Structures are given as C-alpha cells and as structure tokens.
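Engineer: Make a model of this:
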Amino acid sequence: MRLLSAPLALALLAAAGCQSTHVQQQPDDAASAQQHETAYQPRYRDTWPEVRTYIATSWDTTYTEVDNLPKPFYSGAPQWRVIFYWDMYFVHEGLLTDDRYDGSRNALSHWRMAKNHADNLLSLADKYGFVPNASAPWGTNRSQPPYLSIMVRDVYERAEDNDRDVADEWLRDAYETLRTEYDFWISDEIEDNTTPLPGLQRYFHHATDEDADAQYERLLERLDLPADPDPEQKKRLSDHYFAEAESGMDFTPRFEQRAADFAAVDLNTNLYRYEKNFAWMTDELGLTDQPDWEAKAQARKERIGEYFWDDERGLFLDYDFANDRRSRVAAYTTFHPLWAGLATEEQAARVAKNLSLFEREWGVAATASTPYEVDYQWGEDDGWAPVHLIVIAGLRNYGYHDKARRVAKKYLDLVAKNYENPLPASYEENDETHRRTPGHVYEKYEATTGTVNEDEYPASEFLSWTAATYAYAYAYVASGEG
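Structural biologist: A predicted model of the protein is given here:
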C-alpha cells in the first residue's frame, strides 16, 4: 500500500496547489478509455445466478437482535451486532429490489426487514438527536451520510402491498424524528456541520478530547500518522479524520486529507432529498404551519450548482471553503446529483461522459486517479458496493443505460470472480493466517485488479451492501430496461 504520512501528504498537496488550481484527471491513455466504451463481455455470467441464489438464501444467517434496538435487523456479518447507518440504506435498496423485480416469495419479509431497519434508525435518532455512525457506543460521536428520510418514504409508499400498520400515524411520527435529524445537520447544537457557505453543510464530529486521543491511537494502526504530534497538530488531524469517518469514506484522498474544510457534494445532495421528502410528507399528511420545504430544496439545488458544479471539468466536486476552490480529487460522488435527479440534462451528460475517469477493468473506483502517492481504501482502485449502486442509479435515471448496464455487469463479474476464487487466498490478522474459501461475498473489492480489497484492514465475508448491490445490479441487467 502506497501511503505517505499525513504531514507529507499535506505538504505535497500544498505544493501542488502552488502550481495549479486543479488537477484534471484523465484516463491513462486513449486506448483504455476506448476499451471501456466498447461493449462489455461478461466473464462470469454463468456464475451470476449461483451468487444470486447464495445471497437470497443467506440473508437470514445475519438475522440479529440486540437489547439497544427495538427490531431485529440484518447485520453485515454474524460477528457484527451493530447497525452502521449508511450501510442500511444500501441494504434497504437491495431488499426492496427483491420485492420489486423478482416477485420473491420472501417479498413480505424483505419489506418487513426494510421497515425494521428504518424503525431502528428512527429509534437511534430519537435517542441521540441524530443517527450515529454505528449503534455501538464507539460510534456515537459522529453520524454518517443521511439516508433515513429516503428509507422512510420508500417503506410508507410500499405499505399497501405489504402491511397497513404503516399508516399516517407512523409517517407523522417519523417526520418529526427526521426533522430532528435534519436539524442536527444544519445547526451547530450537537456538532458544527455548518460552513461559511450559506446553506451548505460539511462532515465533522462531536468527539471529546478523550475520544480523539483514543481514535488517534487506533488510526496509528491503519494510517502512517505522526506517532507523537504536538497537541495542536493532533487536534487538527483528528478533526479531519473524524470528519472523513462521518463521510463513510474512511479513508480517502477525496478531501485532500482536510475533510473538515470541505462542503461535501453527497451530504448536500442527500439533504436536498430530505427537503424534497419533507415537502412530500407535509402534503401527504395535510400538515400546516410547516417550513416551505420546496423553497428550501430549490435554494439548496441552486447552491449545489453554484459551488459544486465545475463547468470546465464537467464534474460535481466538493468545495474547499478554506481555500475558496473545488477539490482537486474527483470522487464517485459526482454521480450523486444524478442519483438524486437534481442535475440538469447537460450536467448529467457531462458527468456520464466522464465515467472513464472512474471506470476500471472490474467496475468503478471511489475516486479518479490522482498524482498523489496516497492510497487509502476509498481511492482510485477501490470498487466498493455503494460506489457502484450510486453510479448505476445515477446513469440509469438519465437514460444512460448502456453505461449503467456495463457498470452493473462489471460489478456482477467482480463479486462472482471472488465467489469462485477469492484472492488474496489468505490474509494476516491478529498475528494469525486466515484462508479464504470459495462460496462467499466480501465487504470490499478492488476495481482495478478484481481482487478482495486489503487496504488498511482485511475484508471480511460479508452480505450487507455487497449482497444488496449485487441484487440491485442483477435485477437491473435482467430487466432489460432501456
């Protein structure tokens, strides 16, 4: 793993800033770009149904009940007895995909588990005033990207086909809880997610000094950080890495190692969807004396276009308010406004054309290639499940089905390849060698090499968002849509 110390990485980024206002990422060469644009020929199509069956019959193996959550849920892996916030959105999409496309005999239970996940997250928001990163004590000093209003609306709108105990009373209670969560993001009462850019938010944290010290010690095991920084440097680095953890992308070159200095594309896009959903909820429930949520959504949409859209590069980019410029590092989150339906047709066309910045032999990576020798696990090689789902859904929303299907097929191949023959075949953890066996799916993969992702820590056998994104991609390819 090519990983520089944080101070050296920051120095390189600062030096690069003296030479250029941005880094324009390009495919390695014209031939590689052309290769991605040709019709993709799947290599593991015969294995796709077997993996699909394995996933469909394995959800119950992760069925989990814990004392601090009101409903059973599907954990990522049997040994993990916690809910991770943004993971649950992608699981939610996968479960409802089974119902929506497969006509599965388990449709009711899939919907029921999707509702359980929403109810558990709502309970955490009621308890803490926000949804924590994880439902364990260590995960309560920050949140993760907010998706809960989307989950609530999906569950409510599909209730007639399943169980009518989800009715207006449930939605009204959920709306009040979601407003509490929304206030967490737009105010500084619990943590300061505000920025100098009016109406745009950042990722941050509300860890205590003791939390920060403990987190820093854990980070020393994963990242090449100074072993004995001075207090000011330690506080600054802790702030930025806590903020990265809240983004879900722990860790990534996307924020140039200064996450707390950036207004984030995905965060603000999700908050736009909250505002649109709140407008729908108040109308559905006939509520009066509510904020003008449509006006708030429109205002945020305009600010997203003003600050995040880079017309020269044809990308939505995080905004560095400390230096009054957009990020030099393009991330898959440029597809978030397409996923949310807020991009213009012209913007969507430019982003779709730039797919080659992220597309690799085995899928799409979390970021475009960068000139910096920093290789965190959410970087230029890393093909995580949520990266694929957001990219596929964004392209699909705007009718770019050829590109969306190609990405979906590559993800199916990536998972199926390692289901047949997982590589690396073994890994070291806690001074022990563990061997991987065929017949499983994993938490994370490399889109460049088509192997299991070992950056920062070894990948576990895993269902959760990997299984859910596989189900989503499989159903989309099978549907023949577009």
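
Engineer: Neighbours of Arg81, how many?
Structural biologist: Per other CB atoms under 10 Å, the neighbour tally for Arg81 reads 16. Placement of C-beta: from N, CA and C, glycine included.

Engineer: residues contacting the spatially most central residue of the chain?
Structural biologist: Centroid-nearest residue in the chain: Pro386, 4.9 Å away (criterion: CA atoms, centre = their mean). Contact analysis of Pro386 by CB atoms under 8 Å, 6 or more residues apart in numbering lists 86, 90, 248, 465, 469.

Engineer: give me the element it is part of.
Structural biologist: Using DSSP states H and E, Pro386 sits in helix 385-397.

Engineer: From the contact counts, what lies against the helix or strand just after that helix?
Structural biologist: Scanning forward in sequence from helix 385-397 by DSSP H and E, the next helix or strand is helix 401-420. On a contact count with 3 or more CB pairs under 8 Å, 6 or more residues apart in numbering; DSSP states H and E, helix 401-420 meets helix 48-56, strand 363-364, helix 385-397, helix 464-479.

Engineer: by how many degrees do helix 401-420 and helix 48-56 diverge?
Structural biologist: 70 degrees (axes from the mean of the first three to the mean of the last three CA atoms, to 10 degrees).

Engineer: where does this protein dip in pLDDT?
Structural biologist: For the chain, residues meeting the criterion pLDDT under 70 lie at 1-38, 99-108, 160-166, 374.

Engineer: the strands in it, which residues?
Structural biologist: Along the chain, the segments classed as strands by DSSP state E run 63-64, 73-74, 262-263, 309-310, 315-316, 319-320, 325-326, 359-360, 363-364, 426-429, 432-435.

Engineer: returning to what we had before: now which of the contacts of Pro386 would you call buried?
Structural biologist: Those of the contacts of Pro386 that meet the buried threshold are 86, 90, 248, 465, 469, by 16 or more other CB atoms under 10 Å.

Engineer: Spit out the contact partners of the nearest residue to the second one once chain neighbours are set aside.
Structural biologist: It stands for Phe90. Spatial nearest neighbour of Phe90, excluding adjacent residues (CB to CB, 6 or more residues apart in numbering): Trp465 at 3.7 Å. Neighbour list for Trp465: 76, 87, 90-91, 94, 384-386, 389 [criterion: CB under 8 Å, 6+ apart].

Engineer: make it 7 Å
Structural biologist: 87, 90-91, 385-386 (CB atoms under 7 Å, 6 or more residues apart in numbering).

Engineer: for Asp192, same thing?
Structural biologist: Asp192 touches Phe204, counting by CB under 7 Å, 6+ apart.

Engineer: Arg236: how many residues sit nearby?
Structural biologist: Arg236 has 16 nearby residues by other CB under 10 Å.

Engineer: Ala212 versus that one, what's the distance?
Structural biologist: Distance from Arg236 to Ala212, counting by CB to CB, to the nearest Å: 11 Å.

Engineer: List the residues that are in contact with both of those two.
Structural biologist: Counting by CB under 7 Å, 6+ apart, no residue touches both Arg236 and Ala212.

Engineer: Now for the contacts of Pro386: which two are most distant?
Structural biologist: Gly248 and Thr469 (14.4 Å; CB to CB).

Engineer: May I see the buried residues of stretch 391-403?
Structural biologist: Buried residues in stretch 391-403, counted by 16+ other CB under 10 Å: 391-398, 400-401, 403.

Engineer: Which single one of those residues is nearest to Asp311?
Structural biologist: Comparing the buried residues of stretch 391-403 against Asp311 with CB to CB places Tyr398 closest, at 17.7 Å.

Engineer: Is it correct that that closest one is in contact with Ala348?
Structural biologist: Yes. If you go by CB atoms under 7 Å, Tyr398 and Ala348 touch, sitting 4.1 Å apart.

Engineer: Now do the shared contacts for the two.
Structural biologist: Common neighbours of Tyr398 and Ala348 (CB under 7 Å, 6+ apart) are Leu338.

Engineer: State the number of residues packed around Tyr44.
Structural biologist: If we define neighbours as other CB under 10 Å, then Tyr44 has 18 of them.

Engineer: number of nearby residues for the spatially closest residue to Asp173 that is not a sequence neighbour?
Structural biologist: Excluding its sequence neighbours, the residue lying closest to Asp173 (CB to CB, 6+ apart) is Leu122, at 7.9 Å. The tally of other residues near Leu122 (other CB under 10 Å) stands at 24.

Engineer: same question, Ala245
Structural biologist: Neighbour count for Ala245, taken as other CB under 10 Å: 23.

Engineer: if I look at it, how far off is Tyr85?
Structural biologist: For Ala245 relative to Tyr85 (CB to CB), the value is 11 Å.

Engineer: list the residues that contact both of the two?
Structural biologist: In contact with both Ala245 and Tyr85: Asn133, using CB under 7 Å, 6+ apart.

Engineer: circling back: can I get the strands of the chain in a markdown table including mean neighbour count?
Structural biologist: Below are these laid out as a markdown table (neighbours: other CB atoms under 10 Å):
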| stretch | mean neighbour count |
| --- | --- |
| strand 63-64 | 14 |
| strand 73-74 | 24 |
| strand 262-263 | 26 |
| strand 309-310 | 20 |
| strand 315-316 | 28 |
| strand 319-320 | 22 |
| strand 325-326 | 19 |
| strand 359-360 | 24 |
| strand 363-364 | 28 |
| strand 426-429 | 12 |
| strand 432-435 | 9 |
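
Engineer: count of neighbours near Leu389?
Structural biologist: Using other CB under 10 Å, Leu389 has 27 other residues around it.

Engineer: Wait, it touches Glu93, no?
Structural biologist: Yes. Under the criterion of CB under 7 Å, Leu389 makes contact with Glu93 at 6.5 Å.

Engineer: Would you mind listing the residues touching both of those two?
Structural biologist: Counting by CB under 7 Å, 6+ apart, the common neighbours of Leu389 and Glu93 are Tyr472.
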